[in-house]
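>>> sequence unknown, structure follows:
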């Protein structure tokens, strides 16, 4: 897997949060995830299956940022992560993956998306179990951190 | 979604833990997940994509049970959830879903599996975001609880 497969997720996330939630996030350096563990409070995950590959995508928010996005998208500011917030994280997961799928499809890499799953819990960690490399991309914002992780088996070597 | 789609996951889990880890678990009553939230310490999740449906599967262990299964499968008893344990939970997730996929394939319901993702974090919760019903199946054992959740869009109505 090379940067060609990762950039679509990065640009899709920046686009989704910018247009849907008027929230600017600043990408850090993408890196191969080995021992590094990034923690967060609410995550969306989705499986991806293509004819020649399969993989997974996750997006993990700190609570403060998830709640701010909730307020900016829906005008509500819950005190903590509740079902409305997990619904929103599931939707963002779908939108970001859908955007990346469209970009990758234009390059000839097709895959189908499973349904998203949302995890809620203080400072949990996510590990993608995949033979291919796992790419971690951190982002910062005024309201907290978010990171995404992408992994594919057998895609682009 | 009806019980025909859920039982293969139940029997596959009982079979995997019985044969691979010599661990007996007792199924509780499967139920539709609405407000109910089941918590656990380490979870495996996997996406599923078929030509006419898509969905997700998760399995969530209490730490005590995950560590006991680790000991029984691999002869090691780590003090807490580490990378070996998350690897094992990813493998169990693959095996249980693979077993269910085989049974469902024999009934004419085909799907492909994405790669598994493992979540680690004290008392996290999982929410499947899917238009179809979400089925929660709890199990008890001498060493702690485990539950699985299955959801499919548009499968069997």
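Looks like it arrived, so ask away. Treat the numbers as computed from the prediction; the structure is a model and nothing was measured.
>>> Of all the residues in chain A, which one is nearest chain B?
Per Cβ to the nearest Cβ, residue A:47 is where chain A lies closest to chain B, at 1.8 Å. To be clear about C-beta, it is placed using only N, CA and C from the backbone, and glycine gets the same treatment.
>>> and the residue nearest to that residue when sequence neighbours are not counted, what does it touch?
Closest residue to residue A:47 in three dimensions, ignoring its sequence neighbours and counting by Cβ to Cβ, 6 or more residues apart in numbering or on different chains: residue B:47, at 1.8 Å. For residue B:47, the contact set (Cβ atoms under 8 Å, 6 or more residues apart in numbering or on different chains) comprises A:45-49, A:56, A:113-115, A:117, B:54-56, B:113-114.
>>> Return the backbone torsion pair for residue A:133.
Main-chain dihedrals, residue A:133, degrees, to the nearest 10: phi -70, psi 150.
>>> quick one: average pLDDT of stretch A:33-46?
Stretch A:33-46 shows a mean pLDDT of 88.
>>> just how off-centre is that stretch within its chain?
Relative to its chain's centre, stretch A:33-46 lies at 9 Å (Cα atoms, centre = their mean, to the nearest Å).
>>> and residue A:148, helix, strand or coil?
strand (DSSP: H, G, I helix; E, B strand; the rest coil).
>>> tell me which residues of the one helix or strand the residue of chain A closest to chain B maps to are tucked away?
Assignment of secondary structure by DSSP states H and E places residue A:47 within strand A:39-49. Neighbour counts over strand A:39-49 (16 or more other Cβ atoms under 10 Å in any protein chain shown) mark A:40-49 as buried.
>>> roughly how far out does it sit from the chain middle?
6 Å.
>>> Tell me the strands beside it, with direction?
Using DSSP bridges, strand A:39-49 pairs in its sheet with strand A:54-61 (antiparallel), strand A:112-113 (antiparallel), strand A:117-128 (antiparallel).
>>> Mean neighbour count and mean pLDDT added to those, as CSV?
Below are these laid out as CSV (neighbours: other Cβ atoms under 10 Å in any protein chain shown; pLDDT from 0 to 100):
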stretch, mean neighbour count, mean pLDDT
strand A:54-61, 27, 97
strand A:112-113, 19, 96
strand A:117-128, 23, 96
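>>> Residue A:7 - how many residues pack around it?
For residue A:7, the neighbour count with other Cβ atoms under 10 Å in any protein chain shown is 16.
>>> Give me the three-state assignment for it.
Relying on three-state DSSP, one would call residue A:7 helix.
>>> Can you tell me how far it is from residue A:123?
Distance, residue A:7 to residue A:123, using Cβ to Cβ, to the nearest Å: 28 Å.
>>> And for residue A:150?
In terms of Cβ to Cβ, residue A:150 sits 21 Å off from residue A:123.
>>> Next, the contact list for the residue positioned nearest the centre of chain A, please.
The residue lying closest to the centre of chain A (Cα atoms, centre = their mean) is residue A:59, at 2.8 Å. Contacts for residue A:59 (Cβ under 8 Å, 6+ apart) come out as A:13, A:43-44, A:89, A:92-93, A:96, A:146-148.
>>> cool, and residue A:26?
Counting by Cβ under 8 Å, 6+ apart, residue A:26 touches A:139-141.
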